[in-house]
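# Build me a structure from this.
(3 chains)
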Amino acid sequence: MFTLSKTEIFRGKNFNAVHNRGRSFANHALVILVVHDERYNGKVGFAAGKKLGGAVIRNRVRRLMREAYRLNKNSLRHDCGIILIGRKSIVTAKFKDVEKAFVDLCKRAKILKP
RNA sequence: GCAGGCAGGAGAGGCAAUCGCGUGGAAUUUUUCUGCGAGGAAAGUCCGGACUCCACAGAGCAGCGUGCCGGGUAACGCCCGGUGAGAGUAAUCUUAAAGACAGUGUCACAGAAAAGAAAACCGCCGAAUUUUUCGGUAAGGAUGAAAAGGCAGGGCAAGAGCCUACCGGUUGUCAAGUAAUUGGCAAGCCUGAUAAACCUCACGCGGAGCAAGACUAAAUAGGAAAGGGUUGAAGUUGCUCGCUGACCUUUCGGGUAAGUCGCUGGACUUGAGCGGCAACGUUCAAGCAAGAUAAAUGAUUGCCACUAACAGAAUCCGGCUUAUUGACUGCCUGUCAAC
RNA sequence: UGGGGUAUAGCCAAGUCGGUUAAGGCACGGGACUUUGACUCCCGCAUCGUUGGUUCGAGUCCAGCUACCCCAG
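Below you'll find the model as predicted:
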C-alpha cells in the first residue's frame, strides 16, 4: 500500500501543465502545486532546482520528498495532481521536518481525505 | 627523537529488522522468491582513441596542434628512463628545453648610443688658443631591464683582443654514447634580448558527434503555392579539385514530439609465472561486477564506531587538471643524543 | 549529455600590433554657486573574474580554475 512506482510519476507535458496551472502553497521547506482534475488520478512530480546545490544534494532532496509523499499518499484525495518543489532550507532538514512540512501544506490545500 | 622528501594502498560508515526503488532471472499468473545496484575523482570537458554517419576518408593550399633525446602505447599534449639548465646542506624537486649568421618587426621613458663593426654627455690624453675649439680614446662615471665577452698582466700620449694567461662562448676535429650530450685538442680572438611577435624547420591532424545513427508505429495527411535544379540540387571543412548523383529554399496550413535498438563482455577485473632498470609487454588460471530516461541506493528503530571530507554513472575506454577529512605502511636524506 | 560564448567602477561600456596617469556616460560621495533645492562647474571612486607562467614590463600573449549566458532532440 505504500508503493510508489514510476507509473505514478508525471512525465513530459503533464508535468508542465500542472507546473503552469497549479495553485501553490508554500512554507520554509517546500512548495506544492495542486490541480484538481480527475484525469491526473493522484499523480505526483518532484523538482529540485539547481540553486539548491550539486547533484548529490539535489538527489537527497528529491528522495526526502519522495519518501514524505509515499508514506502519506493514502491519506490524500485521488482526484488531483501534485508537484513538490524543494526550497533552500530543505537542504539541511531531516526527514521528520520534511514530512511535517508536507502534511501541513496538504492541510492548507485541503487535499486530505475527509 | 625532531625536521624534510618520495612511493603506495584505503578513503566513513558497518551489522540486524521493517517499509520502499531500478534492473536481470525463476516460478506462477499478477503475486512471491532471488542475484546485482555509483567514484577516486563518476566532476571540468582540457587532450587522445574506440564506435556511428558523411566516398571505410582521397589530392593541394590555408588553418590548428606538438616541439631536448630514446622508449612504451590503440593513440596522446600522457607515462617511463636519460641529458642540459635552475632550486635545495642533502634526499629530491621544477623545467612549452628546436632555430635569433633565411628574412621581417619590436625594445617605451631615460640615455651620447638600443642594433648590423655604430656612437663622445662627463671624464682621460694630445694640440691649438685662452676658457673655448679641433683630434684621439669605449678603461672609469652617468642612464637603463639590457651597453657590444669577463678578469688580470703587458702595452700606450691616453686607450682598445692591440698582445698574453685563465674562464665563458663559437667553429672544426678526435673519442665515448642508439641519441640528446659529455670529455680532449686546435683555431681565429669571438655580432644583444624577444619566436607563450610574425616566421623557418621537423612531425602529426578530414568533418561532425550516442541529442551520432538505425528501425517500428501513430497522426484529417507521403499537404499546397512560388522560385531554383541532370546545361548538375544537395552533401562532402574555409577555398580549389575530385567523389556521390535528385532533390533543395521560402511562405501558408496542419500535426507529432511515442516506443525499440544503439546500451554495456571490455585496449575488462583478480592472482601467479616469464621478459624489461622502468613505463609496459606476454602466457596461464579464475571471474562477470549499474544500465536509468521527470532519470534507480532512501526512511524508521536497535547496537558498535564517529562527529570525518570532496562528492552521484547517462555510449564506452586511456590520460591530464581541479575538489578533498583524519590517519596508516614502506624506503630515503639532514640534524641532535647515546654506544 | 554535447557544442559555443562572455567577464574592465554600483550600472552601461572603449581599450586593434604588449609600453609606464585604463577613455567616456549615468549613478554615488565631497566642494563651489544659491536664502534653500534643481541646473551648471571642479574633485574623488578600478587587486581589469581569479591563480600561475612568458617578458625588462601584461587589461592585452599562454595555461589552469570560477561564475554567468546561449544553442542542439
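# alpha carbons only for contacts and neighbour counts from here, please
Fine.
# Tell me if the one helix or strand A:Ala101 maps to is near RNA strand B.
When secondary structure is defined using DSSP states H and E, the element that contains A:Ala101 is helix A:95-109. Yes: judged by Cα under 7 Å from any atom of the strand, helix A:95-109 comes into contact with RNA strand B through A:95-96.
# ok now that helix, how far from the chain's centre?
Computed by Cα atoms, centre = their mean, to the nearest Å, the separation of helix A:95-109 from the middle of its chain amounts to 10 Å.
# Just the CA coordinates for it, please, in CSV.
Extracted C-alpha coordinates of helix A:95-109, given in CSV (Å, rounded to 0.1, in the frame of the first residue of the first chain):
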residue,chain,number,x,y,z
PHE,A,95,13.2,13.6,7.2
LYS,A,96,10.7,14.3,10.0
ASP,A,97,10.8,18.1,9.3
VAL,A,98,10.1,17.4,5.6
GLU,A,99,7.2,15.1,6.4
LYS,A,100,5.7,17.6,8.8
ALA,A,101,6.0,20.4,6.3
PHE,A,102,4.3,18.3,3.6
VAL,A,103,1.4,17.3,5.8
ASP,A,104,1.0,20.8,6.9
LEU,A,105,0.8,22.1,3.3
CYS,A,106,-1.7,19.3,2.4
LYS,A,107,-4.0,20.5,5.2
ARG,A,108,-3.9,24.1,3.9
ALA,A,109,-4.5,22.9,0.3
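# Show residues contacting it.
Counting by Cα atoms under 8 Å, 6 or more residues apart in numbering, the neighbours of helix A:95-109 from elsewhere in the structure are A:25-27, A:29-30, A:32, A:34, A:64-65, A:68-69, A:72, A:90, A:112.
# Same question for stretch A:71-86.
With Cα under 8 Å, 6+ apart as the contact definition, stretch A:71-86 has outside contacts at A:1-2, A:15, A:18-19, A:29-49, A:61-62, A:65, A:103, A:111-113.
# Now, the residues you listed that are in helices?
Those of these mapping onto helices are A:15, A:18-19, A:61-62, A:65, A:103, per DSSP state H.
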